[in-house]
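Trainee: Requesting a structural model of the entry that follows:
(one chain, ligands or ions: 3)
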Amino acid sequence: MRSAKDFFRPLAVGAPAPVREVPLRPSRMIHFFDPGNEKMAAKVPSLAPQVDVLLGNLEDAVPADRKEAARLGLVKTARATDFGDTQLWTRINSLDSPWVLDDLLTLVPEIGDKLDVVMVPKVEGAQDIHYVDRLLAQLEAKAGLGRPILVHAILETATGVANVEEIAGASPRMQGISLGPADLAASRRMKTTRVGGGHPGYLVRADPAPAADGGADAPRPTFQQDLWHYTIARMVDACAAHGILPYYGPFGDIQDVTACEDQFRNAFLLGCVGAWSLHPAQIAIAKRVFSPSPQDVAWARRVIAAMGDGTGAVMIDGKMQDDATYKQCLVVADLADALAARDPELAEVYAAATREEDAR
Ligand SMILES: CC(=O)SCCNC(=O)CCNC(=O)[C@H](O)C(C)(C)COP(=O)(O)OP(=O)(O)OC[C@H]1O[C@@H](n2cnc3c(N)ncnc32)[C@H](O)[C@@H]1OP(=O)(O)O
Ligand SMILES: CC(=O)C(=O)O
Ligand SMILES: [Mg+2]
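Mentor: Ligands and ions are numbered 1, 2, ... in the order given. The predicted model follows:
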């Protein structure tokens, strides 16, 4: 293991210094597009102002015989597009694939100055991050880049989940982790064929009713459970412990916008900052879910104002507030401020709700 003293030294002579804090830029939706698909790539300039992150996908969903076209398409799109303050990410091919080396050897020199984050699939442990970390440093030095490209890991193997804490802390380059429910299900030999979401067979059943209410013959309600709760919670803790950001990944049933919203909201409430959008229809869902509600923002701001220096206890509308609720409210209010800085419409919605709360 590297000494803590060396952790923030560049891994190659001439490479930019590692970041000390992950930049908290809004990333409510990581919008996937296939850069080799000309129709999709043509939509990038109009999508850029609508999303927080655009991700050129080179891995799964890109056919094997289109890998090179996707890589070159990403170079072309990145060069031709003004992304404004929208981030540009890429998902490279997996580290055991025949394409990943060329992905990195092409992208860093060609568009390294435009790439914010490289997403690495099927990460199994710290060793995978260390490999990418050193290679990126060498390539950044060679390309003369002035800032480091950050790294995002997909949690999608059983071994990766077992090692999630060491992955989260493997490098100052680590920006965040996304849940990859499809590959993870396969790796664990789960018996679901969906991309994320629940399964009607994964449930608990109420006890039989008392004899007076029909006993064993009475219907027994069932309650569907969340297949992903354990993994998301573990991922959130690992990320929070290492100061990086957790994300829910993809929801494959594009037409089921209701269940998509539920899955995203569960992740938001548990601590995730965003999710992937695979189709334009999922962009608005992620934007809605991962922006705190105006009522929650107004309430949080009211508690913060009432708590002064954040210590002690006060009563607001019959509810006790203290140092801990103050911190909870700061999470919501700080997120709202960051989103409002990027989105004037949202800023106005939050301001109006705050005025209304203050007037009560
Ligand atoms: C498990 C994982 O690894 S998940 C991550 C990997 N998967 C992906 O990246 C998938 C990305 N998404 C897609 O490939 C597509 O959305 C699909 C295949 C799911 C559906 O595509 P289509 O059948 O074309 O959907 P649909 O007909 O509804 O598309 C409507 C329009 O949106 C466009 N569109 C669809 N998805 C996207 C996208 N992600 N970005 C930009 N435009 C898109 C289509 O090109 C189409 O354009 P048009 O109206 O000009 O013809
Ligand atoms: C996200 C992803 O890659 C997966 O679910 O497999
Ligand atoms: Mg996957």
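
Trainee: Contacts only, for residue 79.
Mentor: Shown in contact with residue 79 (Cβ atoms under 8 Å, 6 or more residues apart in numbering): 110, 111, 114. In short, each C-beta sits where N, CA and C put it, glycine included.

Trainee: Check what pLDDT it gets.
Mentor: On the pLDDT scale, residue 79 is placed at 97.

Trainee: Would you check how far apart residue 297 and residue 182 are?
Mentor: For residue 297, the distance to residue 182 equals 34 Å [Cβ to Cβ, to the nearest Å].

Trainee: Looking only at neighbour counts, state which of the two leads.
Mentor: When residue 297 and residue 182 are compared for neighbours, residue 297 comes out ahead with 26 against 18, by other Cβ atoms under 10 Å.

Trainee: How about the residues of the chain by ligand 2?
Mentor: For the chain, the residues in contact with ligand 2 (Cβ under 6 Å from any ligand atom) are 60, 121, 154, 156, 180, 181, 182, 183, 195, 249, 250.

Trainee: burial measure for the closest residue to the fifth one other than its chain neighbours, as a count.
Mentor: Counting by Cβ to Cβ, 6 or more residues apart in numbering, residue 156 is the residue found nearest to residue 180 once chain neighbours are left out, at 2.8 Å. Residue 156 sits with 26 neighbouring residues when counted by other Cβ under 10 Å.

Trainee: can you check residue 158 too?
Mentor: Using other Cβ under 10 Å, residue 158 has 14 other residues around it.

Trainee: And for the one 5 residues further on?
Mentor: Here the neighbour count serves as a burial measure; for residue 163 (other Cβ under 10 Å) it reads 20.

Trainee: next one: the one 4 residues further on
Mentor: The burial count assigned to residue 167 is 29, neighbours taken as other Cβ under 10 Å.

Trainee: Next up, the contacts around it.
Mentor: Counting by Cβ under 8 Å, 6+ apart, residue 167 makes contact with 123, 125, 126, 128, 129, 153, 155, 160, 174, 177, 238.

Trainee: Now do the contacts for the third one.
Mentor: With Cβ under 8 Å, 6+ apart as the criterion, the residues that contact residue 126 are 163, 166, 167, 169, 170.
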